[in-house]
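Colleague: Output the structure for:
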Amino acid sequence: MTASAPIFASPPLSRRRLLAAGAGLGLGLQMWGSSALAAPQRRKFVLVILRGAADGLSITPPVGDGAYAALRRELAITDAALPLDGDFGLHPELKIVHRLIGAGQGRFAPAVAMPAAGRSHFEAQDRLEAAAGDDVSSGWLNRAMASLGRGAPVEGLSVGPVAPLVLRGQVATSSWSPGRAVETAARLPMLVQDLYADDPLLGPALARGLKTEVLAQANLARLAADTADTPEASNAARLSRTLQGDSPDAAGRLGAAVAGFMGEETGADTVAISLDGFDTHANQAGALTRRLAYVDALVGGLEAGLGGSWRDTMVLVVTEFGRTARINGTLGTDHGTASTALVLGGGLKPGGIIGDWPGLHEARLFENRDLTPTTDLRSLFKGVLADHMGVDRRALDTTIFPDSAAAAPILGLV
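Modeller: So this is what the prediction gives:
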């Protein structure tokens with residue numbers, strides 16, 4: 001370490017203590033590697049992870065499948081589904097997603113899964129985010145950023161209290177926990193920044209965290225300027241607190257705030273957002289209605305906040321696995337296999353469903369209980385990374401998704 005001597009009388013700040021202090025301040029200090037470089041074109045990518053195993057048969061109910069209503073009984077969404085075609089509808093709370101699909105800016109894959117994901121949340125989430133078998137030392141999205149080559153720096157941002165595995169790795173990224181504000185002019189952050197200015201690891205990481213907080217405050221101030229007659233600073237503080245709510249209004253504001261990060265000249269090109277609350281073993285209808293309303297509003301906030309940059313943005317909404325085809329005894333569903341992935345964005349080519357539909361008749365169910373997967377999620381990830389971000393096919397098959405040449409990318413999405 002090359003940092004200067006500690007200036008405090010108490011024991012010096014160790015790396016562990018600094019990380020704890022940063023967490024208390026709301027800063028995201030990511031300690032992995034250096035900035036990635038990419039082509040000058042500012043293509044943007046947002047990955048939304050629905051944690052808990054979101055029910056694809058409710059997100060895109062297969063209204064044309066003759067076995068659906070009998071399997072789902074009280075949970076079947078038929079007449080209330082937003083119409084897509086004769087085979088599928090959309091959950092009634094996904095009104096903005098429905099509009100985007102109608103405008104040719106949304107598609108979905110109704111039967112996706114990671115290989116050998118299992119039905120344990122933690123193991124399946126690791127496989128979803130690492131996509132490297134049992135190696136969970138880095139995430140596929142970070143490895144994709146590292147592969148992009150020379151050019152302008154690629155900036156990565158995770159939104160939530162903990163940086164997800166999918167963005168950990170060689171490339172340094174930032175994190176932002178909504179609703180927690182840091183006084184960037186306060187004495188402690190300045191002292192700590194001076195203390196570790198010469199440290200090759202902590203110096204850049206702390207600077208990155210403070211830069212993220214400055215961007216967050218600037219974005220909130222812009223949002224606050226249009227909200228009320230109270231002073232702008234008061235509005236910014238109030239908006240910061242309300243970003244943590246579970247309401248669609250909070251989700252829309254969060255989406256707009258994230259879009260603000262992405263709209264900055266040196267803002268994030270790649271964002272990962274984690275949303276909890278999709279493990280619906282009991283009383284699924286009400287819980288899923290609330291969570292999908294939140295997802296829909298988040299997408300709407302992103303679209304509106306990005307403005308013209310929406311045409312250069314792709315949003316991918318995924319979950320670790322699906323849920324059982326049959327309703328259980330507590331008006332919910334249990335851990336399953338295949339689920340739905342949503343692909344949204346202004347540059348998306350119009351089209352129908354992505355992949356094949358296996359059907360829900362008993363003989364077609366996986367292990368006589370789950371929707372059978374027909375599309376490897378890695379193929380969908382590869383297609384988005386290749387078409388939208390320009391990632392090389394060899395890197396996709398070897399370093400980003402190791403030993404995955406058999407999972408061909410789904411091309412032609414953009």
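Colleague: now the strands for the stretch 101-250 of the chain?
Modeller: For the stretch 101-250 of the chain, strands defined by DSSP state E, counting those that start in this stretch occupy the ranges 106-113, 152-154, 156-159, 174-176.
Colleague: And those: which comes nearest Val271?
Modeller: strand 156-159 (4.9 Å; Cβ to Cβ). For the C-beta atoms, the positions are set from N, CA and C on the backbone; glycine is no exception.
Colleague: And Gly301, how far from Ala250?
Modeller: According to Cβ to Cβ, to the nearest Å, Gly301 and Ala250 sit 10 Å apart.
Colleague: and what of Leu94?
Modeller: 17 Å.
Colleague: again, but for Arg143
Modeller: 32 Å.
Colleague: Could you do Asp296 as well?
Modeller: Taking Cβ to Cβ, one finds Asp296 at 13 Å from Ala250.
Colleague: Kindly report the same for Phe321.
Modeller: From Phe321 over to Ala250 (counting by Cβ to Cβ), the distance is 27 Å.
Colleague: re the thing from before, Asp296 and Ala250: which has the busier surroundings?
Modeller: Neighbours were counted for Asp296 and for Ala250 using other Cβ atoms under 10 Å; Asp296 has more, 24 against 21.
Colleague: Outline the domain layout of the protein.
Modeller: 46-178+243-400, 179-242 (automatic domain parsing).
Colleague: helix or strand right after the host helix or strand of Val317?
Modeller: Using DSSP states H and E, Val317 maps to strand 313-319. Using DSSP H and E, the helix or strand that follows strand 313-319 in sequence is strand 339-345.
Colleague: Downstream of that next one, the next helix or strand is which one?
Modeller: strand 375-376.
Colleague: what's in contact with that next one?
Modeller: Strand 375-376 has contacts (Cβ atoms under 8 Å, 6 or more residues apart in numbering) with Ala109, Ala111, Val112, Ala113, Met114, Pro115, Ile354, Gly355, Asp356, Ala407, Ile410.
Colleague: Looking at these, which is nearest Val63?
Modeller: For the contacts of strand 375-376, the nearest to Val63 is Ala111 (15.4 Å; Cβ to Cβ).
Colleague: Assign the residue nearest to Val414 when sequence neighbours are not counted to helix, strand or coil.
Modeller: Leaving aside its sequence neighbours, Val414 sits nearest to Asp387 (Cβ to Cβ, 6 or more residues apart in numbering; 4.1 Å). Classification of Asp387 by DSSP: H, G, I helix; E, B strand; the rest coil places it in helix.
Colleague: how close does the nearest residue to Leu411 once chain neighbours are set aside sit to Lys349?
Modeller: Closest residue in space to Leu411, ignoring its immediate chain neighbours: Gly383 at 5.5 Å, by Cβ to Cβ, 6+ apart. Using Cβ to Cβ, Gly383 is found at 11 Å from Lys349.
Colleague: shared neighbours of these two, which are they?
Modeller: With Cβ under 8 Å, 6+ apart, Gly383 and Lys349 have common neighbours Gly412, Leu413.
Colleague: re earlier: so among the contacts of strand 375-376, where is pLDDT lowest?
Modeller: Within the set of those, pLDDT is lowest for Pro115 (94).
Colleague: so who does that one touch?
Modeller: Applying Cβ under 8 Å, 6+ apart, the residues near Pro115 are Arg127, Asp376, Arg378, Ala407.
Colleague: Give me the residue at the spatial middle of the chain.
Modeller: Val48 (2.2 Å; Cα atoms, centre = their mean).
Colleague: what angle separates the helix or strand it falls within from strand 339-345?
Modeller: Element membership of Val48, judged by DSSP H and E, is strand 44-50. Counting by axes from the mean of the first three to the mean of the last three Cα atoms, to 10 degrees, strand 44-50 lies at 160 degrees to strand 339-345.
Colleague: list the helices and strands strand 44-50 packs on?
Modeller: Packing partners of strand 44-50 (3 or more Cβ pairs under 8 Å, 6 or more residues apart in numbering; DSSP states H and E): helix 121-130, helix 248-263, strand 270-275, helix 284-306, strand 313-319, helix 377-389.
Colleague: Would you format these as a markdown table with mean pLDDT included?
Modeller: Compiled in a markdown table, those are given as follows (pLDDT from 0 to 100):
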| stretch | mean pLDDT |
| --- | --- |
| helix 121-130 | 96 |
| helix 248-263 | 91 |
| strand 270-275 | 96 |
| helix 284-306 | 97 |
| strand 313-319 | 98 |
| helix 377-389 | 97 |
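Colleague: Tabulate the ones you listed (JSON lines), appending distance to Gln170.
Modeller: Supplementary listing: these in JSON lines, determined by distance: least, Cβ to Cβ, whole Å:
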{"stretch": "helix 121-130", "distance to Gln170": "14"}
{"stretch": "helix 248-263", "distance to Gln170": "22"}
{"stretch": "strand 270-275", "distance to Gln170": "14"}
{"stretch": "helix 284-306", "distance to Gln170": "27"}
{"stretch": "strand 313-319", "distance to Gln170": "22"}
{"stretch": "helix 377-389", "distance to Gln170": "16"}
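Colleague: Show me the one of those that comes nearest Ala54.
Modeller: It is, among the helices and strands packed on strand 44-50 and with distance given as Cβ to Cβ, strand 313-319, at 4.0 Å.
Colleague: So what angle separates the directions of that closest one and helix 377-389?
Modeller: Going by the same axes, to 10 degrees, strand 313-319 makes 170 degrees with helix 377-389.
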